[in-house]
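S.K.: The sequence and its predicted three-dimensional model are supplied below.
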Amino acid sequence: MQAEKPLISIVSPVYKAEKIVDLLVRRVSSEVSKITTSYEIILVEDGSPDASWEAIEQNCLQDKRVKGIKLSRNFGQHYAITAGLDHAQGEWIVVMDCDLQDRPEEIINLYQKALGGYDIVLARRHERQDNFLKRFFSWSFYQVLSYLTGTKHDPAVANFGIYHRKVIQAVCQMRESIRVFPIMVRWTGFKTAKLDVIHSEREIGKTTYNFKRLLNLALDIMLAYSDKPIRLTIKLGLTISIIAFLFALFLLFEYVSGIITVPGYTSIIISIWFLSGLIIMTLGIVGLYVGKIFEGVRNRPIYIINTKLN
């Protein structure tokens, strides 16, 4: 006999969160129970170097509605989210970070908003509790992202939100190797609303999203969802060609007029270095695209599961 599917699934990637898992499960269970007893909590341990998996195991033993997935190594947040979504059975799926900056107390508000006729309700952090540098990098990241992808991205919106099953099914059908959950959700085009929520300070530890990770994420998004860098390179090359042509006409005029008697060493050296730099940069951009295409055609699994519980 097939088990009854839950009304709500909560998916959370877990990394370096051994001291938060118990509190996360307790608060999520308490809040979701106000909506229904038919729910599941899917915790995806993403190759964490601490004892996060042991904490998940304990919670799985105590409550069968808590399901644990341990990946074989650290694949990254959006790949861990994908693993959780692939196993979610609920009619509605909540995606949230494990650091409790996404407050479980907001789930009921997101759910009630969704019942107003929306397929997606995104949590909008109207007062972020991150430090200035984190907010500045995040703001810069989304400004560049909006420019490169030609779409508007709200830096106050991340993964936290509630999604109808048909939205998640559409996201799960996308099996490309570069995965960014909020952009994939946006691409589906289902009816969306935003809800202002309170953003909490981190309960324990520091964010693992440092500048390097943000840069890598930005590169992945840029290469996967935009050809704008290549278009900009073409425009830059065309602009330089026009300037070089005009400069050549100017030099020719000075040569014919007898102003130039000795060819300029400086201008030649500057031209060589400048154009060489542009050529190398262009080759690098094209190389990145080719590399990402190569990753895609290899068709490797998006993630590998080591262990599953419940």
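M.R.: Arrived safely, thanks for sending. Numbers count the residues shown, from 1 in each chain.
S.K.: Could you give the bridge partners of residue 163?
M.R.: Beta bridges link residue 163 to residue 93, residue 120 when assigned by DSSP bridges.
S.K.: Over to the most centrally placed residue in the chain: give its phi and psi.
M.R.: Among the residues of the chain, the one closest to the centroid is residue 180, at 3.8 Å (Cα atoms, centre = their mean). Residue 180 adopts backbone torsions of phi -130, psi 100, taken as degrees, to the nearest 10.
S.K.: Quick one: classify the residue of the chain most remote from its centre as helix, strand or coil.
M.R.: Residue farthest from the centre of the chain, counting by Cα atoms, centre = their mean, is residue 258 at 60.6 Å. For residue 258, the assignment made with DSSP: H, G, I helix; E, B strand; the rest coil gives coil.
S.K.: Tell me the confidence at it?
M.R.: For residue 258, the model assigns a pLDDT of 74.
S.K.: What of residue 10?
M.R.: 97.
S.K.: you'd agree it is in a strand?
M.R.: Yes: Residue 10: assigned to a strand according to three-state DSSP.
S.K.: Mind listing the residues bridging to it?
M.R.: As for beta bridges, residue 10 partners with residue 41, residue 94 under DSSP bridges.
S.K.: rewinding a little: isn't the residue nearest to the centre of the chain up against residue 221?
M.R.: Yes: shown here, residue 180 and residue 221 form a contact pair, counting by Cβ atoms under 8 Å, at 5.4 Å. To be clear about C-beta, it is placed using only N, CA and C from the backbone, and glycine gets the same treatment.
S.K.: For the stretch 201-310 of the chain, which segments count as helices?
M.R.: 211-225, 228-256, 265-298 (DSSP state H, counting those that start in this stretch).
S.K.: now these in a markdown table, with distance to residue 35 and mean neighbour count?
M.R.: Below are these laid out as a markdown table (distance: least, Cβ to Cβ, whole Å; neighbours: other Cβ atoms under 10 Å):
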| stretch | distance to residue 35 | mean neighbour count |
| --- | --- | --- |
| helix 211-225 | 32 | 16 |
| helix 228-256 | 42 | 12 |
| helix 265-298 | 39 | 12 |
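S.K.: Dump those into a markdown table; add distance to residue 201 as well.
M.R.: A markdown table is the format used below for the helices of the stretch 201-310 of the chain (distance: least, Cβ to Cβ, whole Å):
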| stretch | distance to residue 201 |
| --- | --- |
| helix 211-225 | 20 |
| helix 228-256 | 36 |
| helix 265-298 | 36 |
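S.K.: Out of the ones you listed, the one nearest residue 310 is which?
M.R.: Closest approach to residue 310 among the helices of the stretch 201-310 of the chain (Cβ to Cβ): helix 211-225, 30.4 Å.
S.K.: What's the mean pLDDT across the closest one?
M.R.: Mean predicted confidence for helix 211-225 is 70.
S.K.: can you check stretch 58-74 too?
M.R.: In this model, stretch 58-74 has a mean pLDDT of 96.
S.K.: ok, residue 248 to residue 236 distance?
M.R.: According to Cβ to Cβ, to the nearest Å, residue 248 and residue 236 sit 18 Å apart.
S.K.: close enough to count as contact, residue 63 and residue 28?
M.R.: No: the pair residue 63 / residue 28 is not scored as a contact, 10.9 Å apart, by Cβ under 8 Å.
S.K.: Of the two, which one has the most company?
M.R.: residue 28 (24 against 13; other Cβ atoms under 10 Å).
S.K.: Dihedrals phi and psi, that one?
M.R.: Dihedral angles of residue 28 (phi, psi; degrees, to the nearest 10) stand at phi -60, psi -50.
S.K.: That one touches residue 11, doesn't it?
M.R.: No: counting by Cβ under 8 Å, residue 28 sits too far from residue 11 to count as a contact (10.8 Å).
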